[in-house]
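>>> what's the 3D shape of this:
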Amino acid sequence: MYQVGTMSDRFSPRARFASLLLMPLLLTHALHGQTAKPVPSPGRESLNKELNALAAKETAARRAKVAAIASNADAEARQHEVRATMLRLLGPLPGRTPLNAQVTGSTQLEGFRVDRVLYESQPKFYVTALLYVPDRPNGSDMTTKFPAIVMAPGHAPSGKAGDVAFAEAFARAGFVVLSWDPFGQGERLQYPDPQHEGKTLAKAPTGEHGEAGLQPTLLGNAIAQYMLWDGMRAVDYLTSLPEVDSKRIGAFGCSGGGTDTALLGALDTRVAAIGVACYITSFDALLPSLGPQDAEQSIPNFIASGLDLPDWVEVAAPRPYAIISTTEDMFPFAGATTSEAEAQKFYAHLGADTNLTWIKGPGHHGNLRPILPQILAFFTAHLHPDAAYAKNLPPITDPFTTVLPVLKPTPPDPKLTQVTPTGQVATSYPDAATVFTLNRARAEKVVTPHPKGLLAMQQAVRSVTHAMAIPGSCHLEGLEGSCTLSPSATVSIAGKDIAPGLLELTFTYPGGSNFHALLGSSALSQPKYGKLLLTNEFDKTGEPTPSLREKVLKQSKEGGVVLAMQPRPSPQGNEESKAGVLGEFYLTELRAELTGRTLIGLRVDDTIVAANYLATLTTQHSQPAHTPRLAAEASGHYALVLLHAAVLDTRLKSVLVLGEIINYRDLIADPMPRDAPEDILPGVLKHYDVDDLYQAVGTRLVPTK
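Numbering: from 1, shown residues only. From the prediction side, this is the model:
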């Protein structure tokens, strides 16, 4: 199931059954840790398209619901519903604990001071931040308070250090700025590489977020909750400062920082003005193009719960909001266009249409320098810094006609930006908490119910995996036809002979995705049994490998009808790698989770549909008084799929699981699990664990040495 730790083997013996804004002036895609695009795979592409279609159905229903809003009361009711849904999907927020804030050093620059700040958003969960405090104008009232900005950086390793240029611009314009490191960035690496100072074992910030997000998901919590809470505690810190006006706190961020800002702006009503750059689009535009990108941007069941990206804006209404977009952003500009238009109508229902601003500029992701004057003007208009700072505001010009070359700023001096003694929380404070340790402590308070009886276990499996296939029959003409998927849907089967006794099959779902299989039919005239084999022995085009052909042919000549299948995506293909530790299915699982599905559930469907085919075929070719037994075999990640399928399909009388499948609680206890995303099930530990699957399958399991 999982590769435990950083170096251990994926399976071990089992006693019972062995088996930035990267400087915000830069044009860069490094904000998302992107690598070369993966080689296209028809299996992966067809599955993605099917999941996209599920998402589109949900977003269409949502749009119709929003379009029906006709009054202030309707809009407020929608806000109440959406806010409650968001908080439910995120999971319960931690209680407020002492910030224990401290300033580890200060630097005076021209026009402002920079304090290096450390605070605890949760006990020992240290947040590193920079506080920019403007100098007071000559002759000003020393008791006058400043407006403030919570600033979150994009997905760059530099974290807050990458926001220095923008933070300085805000400070000179009369704003106190708290620029903080999200975990996995700057000085807050969760998986620091002990051999390379300042580097992560998870490759990049998106890898850090993805890896850290796996374990909270098992408890039904989204990793975005940790980002939100860090931001809310940033607001707490600002409100504790005597120089800050707690009624005039805004939030700003770009890219990944835009995500953090969208969360904070929607769910913390103390934030009086919000600016979200290079993030707001629509899932209709995002999924078919860029696809899901990061754990905190892909909250499980978000789309399936009737939500879309403009909901982050609409929940914040009527507070002033700036959607900030660049025309060639990888977060599609077309999606920003439709989302802004919808949000504008929503704001109008609340009598606040003038509070929603759309700031547009040229260029690619994160190209904010041409529209910095408009961004500063938005916050100045709504948070009202002292008029004396107006002289520091850059003039507003047309960003589409003004030539502003994108220059690479000189990296800031670490003496200005480094908060901790070593430059990393992990090596500076041995007692520091991490997402892993915090989640492990939470898991200790979660009581897994361990369902009693097969029916209760089947209900739990369907609730968690969202598997929809039911044991049923097929309508076959020869070896082709259609098989039951659900009471209202079937899967079509087409085949071609590739050798005597071997037939290559393709099972195609109504949504267009499919999986490949190889049928060994030598014993079809009088089968002794049917055997289902879950395997990856198919090449990149979906053709069975020579070794699989030999294996299936040999076993079928021994008297069995053998069906070897590769669960979806088939062929597997690959995807953009956020980190090697995450394997090849991280983004596919995020896409499935957004739509209310899971990769395990999809593969369980494949397994049950294949069992429907095998059961029908062997029964049709057997003597009336003889119904051949069905056996199934799997190893690796497919072993977990088979265990789930065997719980739901009791026709599988002989279930061989090769290698140990560790409990989900064991995964919670692993500091850095490898290759786990394809096995993740949101909220599973609130319902059952792997041992419960073994218990439910019971005597149908084949013991091995």
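>>> ok, now how distant is D181 from T506?
As judged by C-beta to C-beta, to the nearest Å, D181 and T506 stand 49 Å apart. Bear in mind the C-beta positions are built from the backbone N, C-alpha and C, glycine included.
>>> Thought L656 was touching A631, still the case?
Yes. Assessed by C-beta atoms under 8 Å, A631 is found in contact with L656 at 7.1 Å.
>>> ok, D181 and T506, which is more surrounded?
Taking other C-beta atoms under 10 Å, D181 and T506 do not tie; D181 has more neighbours (26 against 16).
>>> After the helix or strand harbouring R63, which helix or strand is next?
Here R63, judged by DSSP states H and E, is contained in helix 42-67. The first helix or strand that comes after helix 42-67 along the chain, using DSSP H and E, is helix 72-90.
>>> buried set for that following helix?
For helix 72-90, the neighbour count (16 or more other C-beta atoms under 10 Å) marks 75, 78-79, 82-83, 85-86, 89-90 as buried.
>>> from those, which is closest to F585?
Nearest to F585 out of the buried residues of helix 72-90 is L89 (C-beta to C-beta; 21.6 Å).
>>> Please report phi then psi for the most centrally placed residue in the chain.
Taking C-alpha atoms, centre = their mean, the centroid of the chain lies closest to A295, which sits 2.8 Å from it. For A295, the backbone dihedrals (degrees, to the nearest 10) come out as phi -60, psi -50.
>>> Next: T128.
The phi/psi pair for T128 (degrees, to the nearest 10) reads phi -100, psi 140.
>>> Please apply the same query to V150.
phi -90, psi 120.
>>> Name whatever forms a beta bridge with it.
L178, A251 (DSSP bridges).
>>> pretty sure it is touching L263, no?
No. Contact status for V150 versus L263: not in contact, 11.3 Å apart, counting by C-beta under 8 Å.
>>> pLDDT below threshold where in the stretch 401-550 of the chain?
For the stretch 401-550 of the chain, the stretches with pLDDT under 70 are 403-409.
>>> Tell me the buried residues in the helix holding R63?
42-44, 46-48, 50-56, 58-59, 62-63, 66.
>>> Ok, stretch 450-462 next?
Using 16+ other C-beta under 10 Å as the test for burial, stretch 450-462 gives 451, 456-458, 460-462.
>>> Need the phi and psi values for T506.
The phi/psi pair for T506 (degrees, to the nearest 10) is phi -130, psi 120.
>>> next helix or strand past the one helix or strand Q344 maps to?
Per DSSP H and E, Q344 falls inside helix 333-349. The helix or strand immediately downstream of helix 333-349 is strand 356-361, counting by DSSP H and E.
>>> That following strand pairs with which strands, parallel or anti?
For strand 356-361, pairing defined by DSSP bridges yields strand 321-326 (parallel).
>>> coming back round to it: you'd agree the residue nearest to the centre of the chain is up against A212?
Yes. Using C-beta under 8 Å, A295 makes contact with A212 at a distance of 7.4 Å.
>>> Compute the distance between the closest residue to H349 other than its chain neighbours and S298, please.
Excluding the flanking residues, the one nearest H349 by C-beta to C-beta, 6 or more residues apart in numbering is A75, at 4.0 Å. Noted for A75: a distance of 27 Å to S298, by C-beta to C-beta.
>>> pLDDT on the helix or strand where T261 lies, on average?
Element membership for T261, per DSSP H and E: helix 256-267. Averaged across helix 256-267, pLDDT comes to 99.
>>> Also stretch 364-372?
Averaged across stretch 364-372, pLDDT comes to 94.
>>> Use 54 as the first number from now on
Got it, first residue is 54 now, which makes that one stretch 417-425.
>>> As PDB, could you dump the C-alpha coordinates of it?
Taking C-alpha atoms only, stretch 417-425 is exported to PDB below (Å, rounded to 0.1, in the frame of the first residue of the first chain):
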ATOM      1  CA  HIS A 417       2.200  35.800 -17.400                       C
ATOM      2  CA  HIS A 418       1.700  34.400 -13.900                       C
ATOM      3  CA  GLY A 419       2.900  36.700 -11.100                       C
ATOM      4  CA  ASN A 420       3.600  39.700 -13.500                       C
ATOM      5  CA  LEU A 421       2.400  42.300 -11.000                       C
ATOM      6  CA  ARG A 422       4.900  45.100 -11.400                       C
ATOM      7  CA  PRO A 423       2.800  46.900 -14.200                       C
ATOM      8  CA  ILE A 424      -0.200  46.900 -11.900                       C
ATOM      9  CA  LEU A 425       1.400  47.700  -8.600                       C
END
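>>> Just checking the distance from it to the centre of its chain.
Relative to its chain's centre, stretch 417-425 lies at 26 Å (C-alpha atoms, centre = their mean, to the nearest Å).
>>> do stretch 684-700 as well
Remark: stretch 684-700 is offset 25 Å from the chain centroid, using C-alpha atoms, centre = their mean.
>>> for stretch 701-713, same thing?
Offset of stretch 701-713 from its chain centre (C-alpha atoms, centre = their mean): 31 Å.
>>> now do stretch 622-629
For stretch 622-629, the distance to the chain centre is 18 Å (C-alpha atoms, centre = their mean).
>>> what's in contact with it?
87-88, 90-100, 344, 566-569, 589, 591-595, 619, 637-641 (C-beta atoms under 8 Å, 6 or more residues apart in numbering).
>>> Give the residue spans of the stretch 104-253 of the chain that score low on pLDDT.
Residues of the stretch 104-253 of the chain meeting the criterion pLDDT under 70: 192.
>>> List the buried residues of the helix holding Q397.
Under the neighbour-count criterion of 16+ other C-beta under 10 Å, helix 386-402 has 388-393, 395-397, 399-402 buried.
>>> quick one: which of those residues is nearest to C331?
Nearest to C331, judged by C-beta to C-beta, of the buried residues of helix 386-402 is A389 at 9.2 Å.
>>> Chain neighbours aside, what residue packs nearest to that closest one?
Distances taken as C-beta to C-beta, 6+ apart place S378 nearest to A389, at 4.4 Å, with adjacent residues excluded.
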